[in-house]
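> structure of the sequence below:
(chains A and B)
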Amino acid sequence: MIKKLASYIKEYKKASILTPIFVVLEVAMEVIIPMLMSKIIDVGIPNSDIKYILEIGILLTLSAIMSLAFGMLSGRFAAKASSGFAKNLRKGMFYKIQNFSFEDIDKFSTSSLITRLTTDVTNVQMAYMMIIRILIRGPVMLLAALFMAFSIDVRLSCVFLVSIPILGVALFYIAIKAHPNFERVFKKYDKLNEVVQENVGGIRVVKAYANEEHEEKKFEDVNNEVYNYFKKAEKIVAFNSPIMQFVVYFSVLIISWLGAKFIIGGTFQTGELSSLITYAWQILMSLMMLSMVFVMIIIAQSSAERIVEVIDQEPFIKNKKNPIKTIKDGSITFDHVSFAYSDEKDPNKFALQDINLEIKSGETIGIIGGTGSSKSSLVQLIPRLYDATKGTVKVGGVNVKDYDMESLRDEVSMVLQKNVLFSGTIAENLRWGNPNADDEELERVCKLAQADSFIQEFPDKYDTYIDQGGTNVSGGQRQRLCIARALLKKPKILILDDSTSAVDTKTDSYIRKAFREEIPNTTKIIIAQRVTSVEDCDRIIVMDEGKINGIGTSEELLKTNKIYQEVYNSQMKGGEDNE
Amino acid sequence: MSKKEKLNNKQVKENSDKNNKKAKKKSSSVDFKTVKRLLKYATGIYKFQFVVVIISIIVSSIANVMGIQFLQKLIDDYITPLMGQENPDLSNLFMAVVGMGVMYLVGITATYIYNRLMINISQGVLRQVREDMFNHMQSLPIKYFDTHAHGEIMSTYTNDVDTLRQMISQSIPQVFSSVVTMASILISMFTTNVYLTLIVLGMVVLMIFCARYLGGNGSKYFVKQQDDISKVNGYIEEMMSGQKVVKVFNHEEESKEKFDELNEELCDSSTQANMYANVLMPCIANIGNLGYVFVAIIGGMLSVNGILSIGSIAAFLQYIKAFTNPVSQVSQQMNSVIMALAGAERIFALIDEEPEVDDGYVTLVNAKMENGKLVETEERTGIWAWKHPHHDGRVTYTRLRGHVEFENVNFGYTPNKMVLHDITLEAKEGQKVSFVGATGAGKTTITNLINRFYDIQDGKIRYDGINVKKIKKKDLRKSLGMVLQDTSLFTGTVKDNIRYANLNASDEDVIKAAKLANADHFIRNLPDGYDTVISGSGEGLSQGQRQLLSIARAALYNPPVLILDEATSSIDTRTEQIVQKGMDELMKGRTVFVIAHRLSTIRNSELIMVLDHGRILERGNHKELMAKQGMYYALYTGKIEIE
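Residues are numbered from 1 along each chain as shown, chains lettered A, B, ... in the order given. Coordinates of the predicted model:
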């Protein structure tokens, strides 16, 4: 895992290496400074040697300036390295996600991907900065201070040989003990967020059912859980400071007591005593720092794991070696195709079962069927958004798995059931279909999709700003914009997955008329709930529970297919149905 | 970022540029108010513990400072006199060490006490803050949720409360203990030597200046960093939600490009912010070191002249070391304090948000008939009545029937833009009333006024003859069922989701309701049937299935008045046929308001209202409207279309 993460340091390797180097230099200065200080007390002052004091003073000043410089440099490089590392991690994950197939996205869920890209990366960034600064600083400081202490007086320094292990063990014991508690806290936090999120999202339902108190109770429960778990975790950590104080204070006391005896005995000096105590503080502080970093690393560890999970995810669908880049025509073949979503637990449960289908290039196909009859699943196999579990799907006579995915999706344009527009102008949104399209081209496709008329009514026309999710245009307008966007690609195959449900029947029929007249050679597949939307298709496929129930023209199906008859009658009786 | 926001930001920036000085002054006073309010939370619930914490921090800090003084005493009073003696008597020295040990133990105990109590206080305050936020949020009008991005509200519960935790549990005790330590060290310094102390004070001024400069710049970048993070978050959120569209359009490269741009910007501000924060420590520490050198040189000179004892200098130098630590700790905490206060302001903004006004006093009670009169009763009788207390102390009971009237109602979401004009209509008990019209004609708005999601500006709405403003909102909503186009599910089992309508319903009732909505079949096909856990976003369920659950919910609610807002829009027509039977069953004997796209589903309504731009254009039943040959006729025959 560490190796994998480390590979994202990249151009910040230099900063990452310089940081610890400057940290070491800074620590060296910090160790030298008390030594020089003790010289002033031990040599300069008793001898009343002002010149000596000045000399050492200048040395000290220089050391302080150098220490400052090193400190600033290490801080600078640490900031650069950790921010850069975080940037690369985010970039790496984001790029990886761009390569994900639909199945990968389904597997992680959108909200979890967002958390991984944000909170988790921030955690790792902080931990990384700690590692390159303090994880180096701590041990170096410890060793240097220990060395200095021993060089001052071996007898007294033996105190550290007892106190360091005691403190070390105690602090690390606390860190280890606290970790699972903190993890539990974070899990509960997720739950708390979920309650809030669902409450905010469903506030109308909450209020409509006058269930505010129920929601408050729900929140109170999880809030209390967070409170209790957090308290439990923090209670353990609360021992940190007192234990560290205990060890430090008593080490100092013992050193003072023994030191005093040695001074009286004439084998030790007062200045040495005060230096030794300074080193004692340094040693124990560095242990404290280490334990702090340790806690942080443990917390960041779960974040790192979640990041690596994304980075490690091998896309379910990948390009073949030497893929075919040109698609001959818009013909489609389903040859004994069965399909199951990968998260389906029951191995015998297929969303599609043994589909056989031949669609000629330029044909217009309608698909109709009940909720959950796998209409969408069927068409999503064509641009290879999912791979068939069994059998083959061919486009232009070639297995879709043999195509370069980008080329395939350029030729197979699909308007999804869940239409999404992005924040930006209408023109910007449309140009997703073709970034080089000029204004006339935009107008042309919008006329095809019957969108031009309403766009012209907006004050800013094609420069009208669309809010995130396209909430400032009506459902029908959104759908027509999405169709226009798909048309701009000039695809060989156009798939509309229930994309005109909010468009009224007349406009709907204009769209289909435009399709017939303007893009006759494009294969068109139209999924709809309305019979009128598919009635005039060359052929209509009736789907039922993952199987083809019937294929034919509307007239044929009216004679032979029971489901089609039912749907037809339900919608057509009592005159023209309306939206 | 939307254009509006961009504009706002621009404005804000201009304003802040203009009133920079003013703003600075103002913000500090606002901060102070926020701090005071936060403290109130802490002292309010945990007054006693709070006092103990303060005392413990003082004791702990004093023990720490005494430890530093101890070295000087040890050298001057105990070691120096004994130096060179043949058989020194160490018992006094020993007693001094033991005395200090006792003092240390007291200090350690105090440290533990305040650390431990601080957990109670900080977690308690956070729990209280969260609860206040959530409970207050429940009382906010729908308008609040319309006008605030959901992500923004969420982040108040997570990011803002989190920064608050940092501040309460770490920054406040640390700053307090640092201040106490600094003060007591300063006193000790003054008692040791005034001149040297002045040098130290000069050094402190330098430190503060340095901390203000670096800290000020740092927090500027920290704020920028937060801003950039939210931008990156926003972009990621938008792209992730539309990831499938990105794939379909091969738009990966463009999406990466824009991401790189934002990511780079975040990296910049994050580098700057952390740099200032990282540099602060060595700066303070080395100013401390320089001060140390000065004191050493001057102290050395003084001691040569015999003015100062060696022990005093040694102690003084220790003081400087000890003094530098709290200063740098305080300066390091400043960043998190600034961030936390900004968060606290957002939290309080939520808590201070104006709640839904509810002056209603008419309540809904169970009733029974006694001697031809309605009498209030405890048990559920199936008969409900409005309990209406009058000014003169009389209490009258009106039977709940579901009779709704609008009288000259005007309404706008904002006062200067009216959405509904002069709406007058009557829905008698058990009638089916339908609304037809284009998007934005005001159909949904009318239904949202009945249950008082929004309050009308002008006119009257009566429910069973009672002005809805007089009815307690909760009781009013208890009498109304709603099935919305956008179904909201909650994480939990399918059963619990249906039961949301009536928390006391038995399993049998739930299943009965599901059967009525024709949801039973698909629910039984789920892996665990009614006990299948679904997530709030309802992943794995189709939009149609979600609507079926929503209808089942309404069936379980069993209200006299039902509002169906495009309740079956995502259900395919064949399923709808089947659901329709259930819906008809559900609508029987109830007053129903229906909004539907498909005119065939509303043909049998007693009353059909054709709405256009917030006005009622035509009204009547199907036959009448057809005979009129107006807009309805044109719509029904397909002469004109509604969007």
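
> around residue B:426, how many other residues sit close by?
13 (other CB atoms under 10 Å in any protein chain shown). For every residue, glycine as well, the C-beta is placed using N, CA and C.

> now it, what's its secondary structure?
Using DSSP: H, G, I helix; E, B strand; the rest coil, the structure places residue B:426 in strand.

> same deal with residue A:367?
Going by three-state DSSP: residue A:367 is strand.

> and it, what does it touch?
Residue A:367 makes contact with A:375, A:378, A:379, A:525, A:526, A:527, A:528, A:534, A:540, A:541, A:543, according to CB atoms under 8 Å, 6 or more residues apart in numbering or on different chains.

> any idea how far residue B:289 is from the residue in chain B that chain A sits nearest to?
Closest to chain A within chain B is residue B:282: 2.4 Å, counting by CB to the nearest CB. Distance of residue B:282 to residue B:289, given as CB to CB, to the nearest Å: 10 Å.

> who's more crowded, the two?
Neighbours were tallied for residue B:282 and for residue B:289 using other CB under 10 Å; the higher tally belongs to residue B:289 (27 against 24).

> show me what from the stretch 251-400 of chain A comes close to chain B.
A:252-253, A:256-257, A:260-261, A:263-264, A:266, A:270-271, A:273-274, A:277-278, A:281, A:345-346, A:369-372, A:383, A:385 (CB under 8 Å from any CB of the partner chain).

> wait, residue B:244 touches residue A:383, no?
No. Contact criterion CB atoms under 8 Å: residue B:244 and residue A:383 do not qualify, at 10.9 Å.

> biggest helix in chain B, by residue count?
helix B:252-304 (DSSP state H).

> quick one on the thing from earlier: shared neighbours of residue B:282 and residue B:289, anything?
By CB under 8 Å, 6+ apart, the residues touching both residue B:282 and residue B:289 are residue A:67.

> for the residue of chain B closest to chain A, which non-adjacent residue is closest in space?
Here the nearest residue to residue B:282 in space, its sequence neighbours aside, is residue A:71; by CB to CB, 6 or more residues apart in numbering or on different chains that works out to 2.4 Å.

> so how far is residue A:63 from the one you found?
In terms of CB to CB, residue A:71 sits 12 Å off from residue A:63.

> in terms of packing, which of these two has more residues around it?
The residue with more neighbours, out of residue A:71 and residue A:63, is residue A:71; 26 against 21, by other CB under 10 Å.

> coming back round to it: between residue A:71 and residue A:63, which contacts overlap?
Residues touching both residue A:71 and residue A:63 (CB under 8 Å, 6+ apart): none.

> for chain A, which residue is closest to the average position?
Geometric centre of chain A, nearest residue: residue A:117, 2.9 Å, by CA atoms, centre = their mean.

> domain-wise, how is chain A divided?
For chain A, the structural domains run A:2-312, A:332-417+A:492-572, going by automatic domain parsing.

> now render these as TSV, adding mean pLDDT and distance to residue B:612.
As requested, the domains of chain A are exported to TSV (pLDDT from 0 to 100; distance: least, CB to CB, whole Å):
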stretch	mean pLDDT	distance to residue B:612
domain A:2-312	80	25
domain A:332-417+A:492-572	79	15
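
> packing partners of the host helix or strand of residue B:497?
Assessed by DSSP states H and E, residue B:497 sits inside helix B:494-499. Here helix B:494-499 touches helix B:507-516, helix B:543-557, going by 3 or more CB pairs under 8 Å, 6 or more residues apart in numbering or on different chains; DSSP states H and E.

> just the ones you listed: most buried one?
With neighbours defined as mean count of other CB atoms under 10 Å in any protein chain shown, the helices and strands packed on helix B:494-499 peak in mean count at helix B:543-557, which reaches a mean of 25.

> so for whichever helix or strand comes after that helix, mean pLDDT?
Per DSSP H and E, the first helix or strand lying C-terminal to helix B:543-557 is strand B:561-565. Across strand B:561-565, the average pLDDT comes to 86.

> what mean pLDDT does stretch B:533-545 get?
Here the average pLDDT along stretch B:533-545 is 68.

> with stretch B:206-221 instead?
79.

> near chain A at all, that stretch?
No. Contact of stretch B:206-221 with chain A (CB under 8 Å from any CB) is absent, the minimum separation being 10.0 Å.

> nearest to chain B: which residue in chain A?
With CB to the nearest CB, the shortest gap between chain A and chain B falls at residue A:71, namely 2.4 Å.

> low-scoring stretches of the stretch 401-550 of chain B, by residue?
Residue ranges of the stretch 401-550 of chain B with pLDDT under 70: B:439-440, B:485-486, B:535-540, B:543.

> what does it put close to chain A?
Going by CB under 8 Å from any CB, the residues of the stretch 401-550 of chain B near chain A are B:439-440, B:451, B:453, B:473-475, B:477-478, B:480-482, B:484, B:486-491, B:500-501, B:503, B:522, B:527, B:536-537, B:539, B:542, B:544-545.

> and the longest helix of chain B, what does it pack onto?
Other elements packing on helix B:252-304 under the criterion 3+ CB pairs under 8 Å, 6+ apart are helix A:13-39, helix A:50-98, helix A:121-130, helix B:194-241, helix B:310-352.

> again, 10 Å this time
Where contact means 3 or more CB pairs under 10 Å, 6 or more residues apart in numbering or on different chains; DSSP states H and E, helix B:252-304 is packed against helix A:13-39, helix A:50-98, helix A:121-130, helix B:194-241, helix B:243-248, helix B:310-352.

> just send those back as JSON lines, with distance to residue B:97 too.
Below are these laid out as JSON lines (distance: least, CB to CB, whole Å):
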{"stretch": "helix A:13-39", "distance to residue B:97": "22"}
{"stretch": "helix A:50-98", "distance to residue B:97": "31"}
{"stretch": "helix A:121-130", "distance to residue B:97": "37"}
{"stretch": "helix B:194-241", "distance to residue B:97": "27"}
{"stretch": "helix B:243-248", "distance to residue B:97": "69"}
{"stretch": "helix B:310-352", "distance to residue B:97": "16"}
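
> closest one to residue A:147 among the ones you listed?
In terms of CB to CB, the element of the helices and strands packed on helix B:252-304 nearest to residue A:147 is helix A:13-39, at 8.1 Å.

> could you check the angle helix A:50-98 makes with the closest one?
Counting by axes from the mean of the first three to the mean of the last three CA atoms, to 10 degrees, helix A:13-39 points 160 degrees away from the direction of helix A:50-98.

> quick one: buried residues of helix A:13-39?
A:15-16, A:18-20, A:22-39 (16 or more other CB atoms under 10 Å in any protein chain shown).

> related to what we said a few turns ago, surely the residue of chain A closest to chain B touches residue B:285?
Yes. Counting by CB atoms under 10 Å, residue A:71 does reach residue B:285; the two are 7.2 Å apart.

> that's all I had, so thanks and see you.
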